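Engineer: For reference, the sequence and a predicted model appear below.
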Amino acid sequence: MKEKRYFPNLNGIRCIAALLVVFHHLEQAKHSFGIANIYELPIIQHAGRLGVGLFFVLSGFLITYLLLDERGRFGNVDAKKFYLRRGFRIWPVYFLIIGLSFFVFPHIDLLYFPGTNEKLNVHVTERLALLLLVLPNFAFVLYDLPYWCAQTWSIGVEEQFYYLWPWLIKYPKKRISITLFFLSITALMLFAGLYFLDETRKVEEAVVSTFLGQFRIQTMALGGFCAWLIYHQKTKILDFIFRKDTQIIVYILLGILFISGWHFTGFLEVYAVFFGFFVLNVSCNPDSIISLENPVMNHIGKISYGLYIYHVFVIVLLINIFRRYAPAFTGSSYQVTIYVLTLIASVLVASLSYSYFEKPLLAYKDKRFGR
């Protein structure tokens, strides 16, 4: 029986992904308030989606390895325990931000965000029903969401990946039929939502396009493929990926693409290949030229889920505080200050949540259902 494997640098990867999303949403929020920013730069426009893509690849990698390891160690995958573990990790913070966004934040003047009222007064039942069913990506594309919780769309995509993936690992010989069933149910739910939405053809096409653009199961599957390479020790492929000259070439190319913001068809999936390469090297290659093991990145990575969930309302709060109490504070000093305060305040809120809300639940989860 194989020993459980420890992967270094995972918190560092989470830290990078979370910060990409935080800085993207900061510029996005400033743009919505009409505040001068650097949002037009390609690196900022794509940072959020790329950060989520990195999260997706890492999630697919880790979940797949854990499932393969469980099947290898015990001869089966306990789907019930898998879903209980995922539920205890994801749902408490998710439902907290949903509840706050619909029933608390709208009544706080310092959390005002342009265009929010119409999202709280129209299609209320439909939005809340989808959110309570943990289908925020469907709620997002069909009805939009209040800005404070709009980032939860990606939680829905991850949850749907979890609905599919354990069964593919548990029953590999039935993977085609399982996948077709999953895709059929997903399509049925989307088109049922479009039917009840009762909008114009143009709006419906935009909804489908947005949904498909966000429904990046293939990105998580690529992370899963990376885990398969490691678990089954595909040394011929890994030896090439782990070469130092390969790392240097790939990272230079990734840096050029990222900074330039080059856009091409399927660019998110192309970046996912780079992210898979990155995850494999920093977590599994003893000769990785990049190390992310340091206390700051470890801490931010540890609290990254809370950071991802809470940072939006922190951004909105800070922008409103400056608009109300320091309206003349502008220019480069404002830009630096808002970035620094956003990072500090978001990390503080996420740290408090982790210590006093998430950690006790995680301890119970680990004791009751395993890691």
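Structural biologist: Arrived safely, thanks for sending. None of these values were measured; they are calculated from a predicted model.
Engineer: Return the distance of stretch 335-344 from the chain's centre.
Structural biologist: Distance of stretch 335-344 from the chain centroid (C-alpha atoms, centre = their mean, to the nearest Å) equals 22 Å.
Engineer: no no, stretch 199-217
Structural biologist: Worked out by C-alpha atoms, centre = their mean, stretch 199-217 lies 19 Å from the chain centre.
Engineer: Likewise for stretch 286-293?
Structural biologist: Computed by C-alpha atoms, centre = their mean, the chain-centroid distance of stretch 286-293 equals 23 Å.
Engineer: and residue 319, what does it touch?
Structural biologist: 29, 30, 33, 35, 338 (C-beta atoms under 8 Å, 6 or more residues apart in numbering). C-beta coordinates here come from the backbone N, C-alpha and C atoms, glycine included.
Engineer: Which of these scores worst on pLDDT?
Structural biologist: pLDDT across these is at its lowest for residue 35, which sits at 88.
Engineer: Could you tell me how many residues sit around that one?
Structural biologist: Neighbour count of residue 35, defined by other C-beta atoms under 10 Å: 17.
Engineer: roughly how far apart are the closest residue to it other than its chain neighbours and residue 117?
Structural biologist: In space, and not counting its chain neighbours, residue 35 is closest to residue 319: 7.1 Å by C-beta to C-beta, 6 or more residues apart in numbering. According to C-beta to C-beta, to the nearest Å, residue 319 stands 18 Å off from residue 117.
Engineer: what do you get for residue 82?
Structural biologist: Computed as C-beta to C-beta, the residue 82 to residue 117 distance reads 40 Å.
Engineer: Correct me if wrong: residue 276 contacts residue 225.
Structural biologist: Yes. Residue 276 is within contact range of residue 225, at 7.3 Å (criterion: C-beta atoms under 8 Å).
Engineer: Have a look at the two and say which one is more surrounded.
Structural biologist: It is residue 276, of residue 276 and residue 225, that has more neighbours when counted by other C-beta under 10 Å, with 24 against 14.
Engineer: one step back: next, the residue nearest to residue 35: secondary structure please.
Structural biologist: Classification of residue 319 using DSSP: H, G, I helix; E, B strand; the rest coil returns helix.
Engineer: Can you read off the pLDDT for residue 203?
Structural biologist: Here the pLDDT value assigned to residue 203 is 93.
Engineer: Kindly report the same for residue 292.
Structural biologist: We have a pLDDT of 96 for residue 292.
Engineer: ok, and what's touching the helix or strand encompassing residue 239?
Structural biologist: Residue 239 is located in helix 235-242, with elements delineated by DSSP states H and E. Contact with helix 235-242 is made by 229, 230, 246, 277, 280, 281, 284, 285, 287, 288, as judged by C-beta under 8 Å, 6+ apart.
Engineer: give the contact list for the fifth one.
Structural biologist: Spelled out, it's residue 280. 61, 226, 229, 230, 238, 241, 242.
Engineer: which of these lies closest to residue 92?
Structural biologist: For the contacts of residue 280, the closest approach to residue 92 (C-beta to C-beta) belongs to residue 61, at 24.1 Å.
Engineer: Can you tell me, leaving aside adjacent residues, what's nearest to that closest one?
Structural biologist: residue 223 (3.8 Å).
Engineer: Phi and psi next, for the one you found.
Structural biologist: Taking degrees, to the nearest 10, you get phi -60, psi -40 for the backbone angles of residue 223.
Engineer: same question, the one 10 residues further on
Structural biologist: When quoted as degrees, to the nearest 10, the phi and psi of residue 233 stand at phi 50, psi 60.
Engineer: And it, how close does it get to residue 145?
Structural biologist: Per C-beta to C-beta, residue 233 is found 43 Å from residue 145.
Engineer: list the buried ones in the helix holding residue 239?
Structural biologist: 238, 241, 242 (16 or more other C-beta atoms under 10 Å).
Engineer: ditto for stretch 191-203
Structural biologist: Going by neighbour count (16+ other C-beta under 10 Å), the buried part of stretch 191-203 is 193, 194.
Engineer: contacts for it?
Structural biologist: Defining contact as C-beta under 8 Å, 6+ apart, one finds that stretch 191-203 is touched by 126, 130, 138, 142, 143, 204, 207, 208.
Engineer: quick one: low-confidence parts of the stretch 251-371 of the chain?
Structural biologist: 261, 263-268, 370-371 (pLDDT under 70).
Engineer: List the residues that contact the most centrally placed residue in the chain.
Structural biologist: Nearest to the geometric centre of the chain sits residue 52, at 4.2 Å (C-alpha atoms, centre = their mean). Listed by C-beta under 8 Å, 6+ apart, the contact partners of residue 52 are 17, 21, 154.
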